[in-house]
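**Q** let's see this in three dimensions:
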Amino acid sequence: MLGSIATGAKQALSVRVHIPQHSLFRRILHGRQIHCLYQPIFDLRTGAVFAWEALARGPKDSPLHSPMELFCVAEKCGQLFALEQVCRAQAIAQIGRLAPNQNLFLNIHPRTIADPDFTPGTTRELLDAAHIAAEQVVFEITERHAIQDLALLQKTLEHYRSQGFRVAVDDAGAGHSGLATIAALRPDFIKIDMGLVRDVDKDPVRRALMETMVTFAEKIGAHIVAEGIERKGEATALMDIGVGFGQGYFLGRPCFPKNEVGIDIRDMAPPRIRLAARLACSAPIGRLARPVPTVTPDTKVSEVQRLLQRSAAHAVVVADQENRPVGLIMAHGLDRHLASLYGRSLYADKPITSIMDKAPLVADEQEPVEIIAQRAHGRAAIKVYDDVIVTSEERVLGTATVHDMLQSLAQVQVEMAKGVNPLSGLPGNVTLEKELELALRRDNRICLMYADLDNFKVYNDVYGFQKGDQIILLLARILTWAIGRHGSHGDFLAHVGGDDFVAIVDPARADRIGKAVVRCFRRLAPLHYTPEDRARGWIFGKGRDGQERQFPLVSVSIAIVEQRCQGCTLQSLSETAAQVKGYAKSLPGSVCVRDRRAR
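**A** Presented below is the predicted three-dimensional model:
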């Protein structure tokens, strides 16, 4: 009896709790009381804002302010599709102006996209009112929900892709479907769940998974977006792995109005990328710009076709009254539209805005060629060979072709190859000498770190040159990691041949870098031996004198030399570093020695 009374009381309490929530939800839905926060997604190669993800919120100080509570009640009420429709409309209406290179990510439930009320026409009307192109919208399909009908979803997504929309799979690695579903949907973007991003710089398993996902994405023509980046170390590791885009509290929090400020990636970029940036093409894209015809948005398609034929141009820029670009039409794109069945009768008398690319790639004349080439490569496949619109003070200067950019980069690659070590990919002697000369002219003091392997020749003879290369690459990776984690922006690492590495580092951080390298190498180097040799602590081999004897495991000797730049020469600096390194090699095991003699 008491039990039934208690059960009845619980049911009554449940009714009292849920009825107000349902009523509140209906008021929110009918009153469209949804506001959006926008979290930036950054291009990890340039630091620019690539897109914003729209995050819906209920009224503030309301039990349904949280999106989790809001959508949970919507699902119970059978109003999930209606709520998503309101959220989508609010997200588009509230985001404000988007530049041609910027995008909006909209979260879509996998069951919603197949709903009859979810039509591209409705979304296109909202986008037209907000002056946003369909090519700038990415539908984010969350993988946390099971996909009931994969074939239907594939067909539906292909229909929306034909309208210009792009697709992202959200929470990859944390949902129901996994890689098989991703491969089937062929998304343009794969958003990696924060569970795989967390501590990717510390956990070798997570790093290996992320590297695999990057390779997988490249194979299917997609781009990786890493979610939940909360530390500098995670961002640095992701950039080093080759992840193109990043999102998280460390980079930018959700806010309204949207944050349009980019991030400075120089300090968080791994040394390998920072060094490559020094060697990369610094030529501005403006040098490749060629004049092209420009037309106003109300110009008819037939007039643009005649203009292209008369001028023998391959592209036309559509600009507003102030000559700011609003679209691009390529000759082959125009032909594709007009050559279709009834194409001429459908489009000839319409304004060029009906068929132009409303989200072309636009670059300022001062931006480096290699950065623009990376952004061009990240476009949808159908646009990958379209011209880049080049502007000067936001006004049309001309266009640059992909062919010209590739040719410019190829010339730079030849120059870069002359100064790069083929094994590690790090700069070599030529580049090091230039950096040293620059540092001696620029700084008051210079700090040099010289790292060399001990007992390496014997290891190479016993285990073979392939294993020997792995030991050298291990040291290269550890030095790169240590400088990135403990060094300063502007530190420089070079591979000067064989097993010798030289770094120019911040004097105040040199000891910390050296200790980190020694500690890490001591732990990892023994793993490159057989269990028997590792347990014994030595191997049997021939020394340089030809005599056979026992040799300790490979270790690293690091010399740190700091000198005043005034009166210092490359010759004197290298001689001092060689002396200190010689002393370090006379000590057993992995060591880091700093020259503390009077300078």
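**Q** what are the structural domain limits within the chain?
**A** What automatic domain parsing lists as the domains of the chain is 24-270, 285-408, 420-594.
**Q** the shortest one spans what distance, first to last residue?
**A** Think domain 285-408. 10 Å (CA to CA, to the nearest Å).
**Q** run the chain-centre distance for it.
**A** 26 Å (CA atoms, centre = their mean, to the nearest Å).
**Q** tell me the average confidence for that domain?
**A** Across domain 285-408, the average pLDDT comes to 89.
**Q** mean neighbour count added to the domains of the chain, as JSON lines?
**A** (C-beta placed from N, C-alpha, C; glycine too.) Below are the domains of the chain laid out as JSON lines (neighbours: other CB atoms under 10 Å):
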{"stretch": "domain 24-270", "mean neighbour count": "18"}
{"stretch": "domain 285-408", "mean neighbour count": "17"}
{"stretch": "domain 420-594", "mean neighbour count": "17"}
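**Q** those domains: lowest mean pLDDT?
**A** For the domains of the chain, where the average pLDDT is lowest is domain 24-270, sitting at a mean of 85.
**Q** mind checking how far it is from the chain centre?
**A** On CA atoms, centre = their mean, the centre of domain 24-270 falls 15 Å from that of its chain.
**Q** now do the contacts for E260.
**A** By CB atoms under 8 Å, 6 or more residues apart in numbering, the contact list for E260 reads V49.
**Q** please, which helix or strand holds it?
**A** Assigned by DSSP states H and E, E260 falls within no helix or strand.
**Q** just checking, L479 touches A451?
**A** Yes - counting by CB atoms under 8 Å, L479 touches A451, with 6.3 Å between them.
**Q** give me the common contacts of those two.
**A** With CB under 8 Å, 6+ apart, L479 and A451 have common neighbours 501, 503, 517.
**Q** so what's the first one bridging to?
**A** Bridge pairing for F501 (DSSP bridges) gives the partners A451, H495.
**Q** would you check that it makes contact with L493?
**A** Yes - here F501 reaches L493: they are 6.7 Å apart, a contact under CB under 8 Å.
**Q** L152: which of the shared contacts of L479 and A451 is nearest?
**A** Ranked by distance to L152 (CB to CB), the shared contacts of L479 and A451 are led by V517 at 54.8 Å.
**Q** excluding covalently adjacent residues, which one is nearest to the closest one?
**A** Counting by CB to CB, 6 or more residues apart in numbering, A482 is the residue found nearest to V517 once chain neighbours are left out, at 4.8 Å.
**Q** that neighbour against F521, yeah?
**A** No - using CB under 8 Å, A482 makes no contact with F521, being 9.6 Å away.
**Q** contact partners for E125?
**A** So, once contact is read as CB under 8 Å, 6+ apart, E125 ends up touching nothing.
**Q** any idea how far the residue nearest to V517 is from T294?
**A** Taking CB to CB, to the nearest Å as the measure, A482 falls 52 Å from T294.
**Q** likewise M213?
**A** 42 Å.
**Q** and if you look at G484?
**A** 45 Å.
**Q** and what of C520?
**A** Note on C520: its distance to T294, by CB to CB, is 57 Å.
**Q** one more: A339?
**A** Remark: distance between A339 and T294 (CB to CB) = 24 Å.
**Q** next: D443.
**A** The spacing between D443 and T294, counted by CB to CB, is 48 Å.
**Q** and if you look at V316?
**A** The spacing between V316 and T294, counted by CB to CB, is 7 Å.
**Q** common neighbours of these two, please.
**A** With CB under 8 Å, 6+ apart as the test, V316 and T294 reach no residue in common.
**Q** the strands in the stretch 51-200 of the chain, which residues?
**A** Applying DSSP state E, counting those that start in this stretch to the stretch 51-200 of the chain gives strands spanning 103-108, 137-142, 166-172, 189-192.
**Q** and the residue nearest to R564 when sequence neighbours are not counted, what are its phi and psi?
**A** Leaving aside its sequence neighbours, R564 sits nearest to R445 (CB to CB, 6+ apart; 5.7 Å). Main-chain dihedrals, R445, degrees, to the nearest 10: phi -130, psi 150.
**Q** and the gap between R445 and F71?
**A** 58 Å.
**Q** R375 now?
**A** Distance from R375 to F71, by CB to CB: 34 Å.
**Q** same question for V292.
**A** For V292 relative to F71 (CB to CB), the value is 47 Å.
**Q** name the SS class of V318, please.
**A** Following DSSP: H, G, I helix; E, B strand; the rest coil, we place V318 in the strand state.
**Q** what's near enough to touch the residue most central in space within the chain?
**A** What sits nearest the mean C-alpha location of the chain, by CA atoms, centre = their mean, is G244, with 2.1 Å. G244 is in contact with 43-45, 223-225, 378, counting by CB under 8 Å, 6+ apart.
**Q** strands of the stretch 201-350 of the chain, start to end?
**A** Using DSSP E, counting those that start in this stretch, strands in the stretch 201-350 of the chain cover 223-226, 245-246, 294-295, 315-319, 325-330.
**Q** nearest to E433, of those strands?
**A** E433 lies closest to strand 245-246 among the strands of the stretch 201-350 of the chain, at 35.0 Å (CB to CB).
**Q** who's in contact with the closest one?
**A** Against strand 245-246 from outside (CB under 8 Å, 6+ apart): 41-44, 50-51, 189, 223-226, 229, 235, 238.
**Q** in its sheet, what does that strand sit against?
**A** Next to strand 245-246 in the sheet, as set by DSSP bridges, lie strand 35-43 (antiparallel), strand 223-226 (parallel).
**Q** want to throw these into TSV with distance to I285?
**A** Shown next, in TSV, are the strands paired with strand 245-246 (distance: least, CB to CB, whole Å):
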stretch	distance to I285
strand 35-43	16
strand 223-226	21
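**Q** quick one: closest of those to V390.
**A** strand 35-43 (18.6 Å).
**Q** export the closest one as CSV, just CAs?
**A** The C-alpha coordinates for strand 35-43 follow below in CSV (Å, rounded to 0.1, in the frame of the first residue of the first chain):
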residue,chain,number,x,y,z
HIS,A,35,19.3,32.9,-30.0
CYS,A,36,22.5,31.7,-31.5
LEU,A,37,26.2,31.8,-30.4
TYR,A,38,28.8,31.4,-33.1
GLN,A,39,32.0,29.5,-32.4
PRO,A,40,34.8,30.2,-34.9
ILE,A,41,36.6,27.5,-36.8
PHE,A,42,40.1,28.5,-37.7
ASP,A,43,42.3,27.6,-40.6
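**Q** can you offset everything so residue one is 55?
**A** With the count now opening at 55, the last piece we talked about shows up as strand 89-97.
**Q** strand 220-226 and that strand, what's the angle between them?
**A** If you take axes from the mean of the first three to the mean of the last three CA atoms, to 10 degrees, strand 89-97 sits at 90 degrees to strand 220-226.
**Q** which residues does V615 bridge with?
**A** Beta-bridge pairing of V615 under DSSP bridges involves L502.
**Q** wait, what's in contact with it?
**A** Going by CB under 8 Å, 6+ apart, V615 touches 501-502, 504, 627, 630-631, 634, 648-649.
**Q** what two of those are the furthest from one another?
**A** L627 and R648 (14.8 Å).
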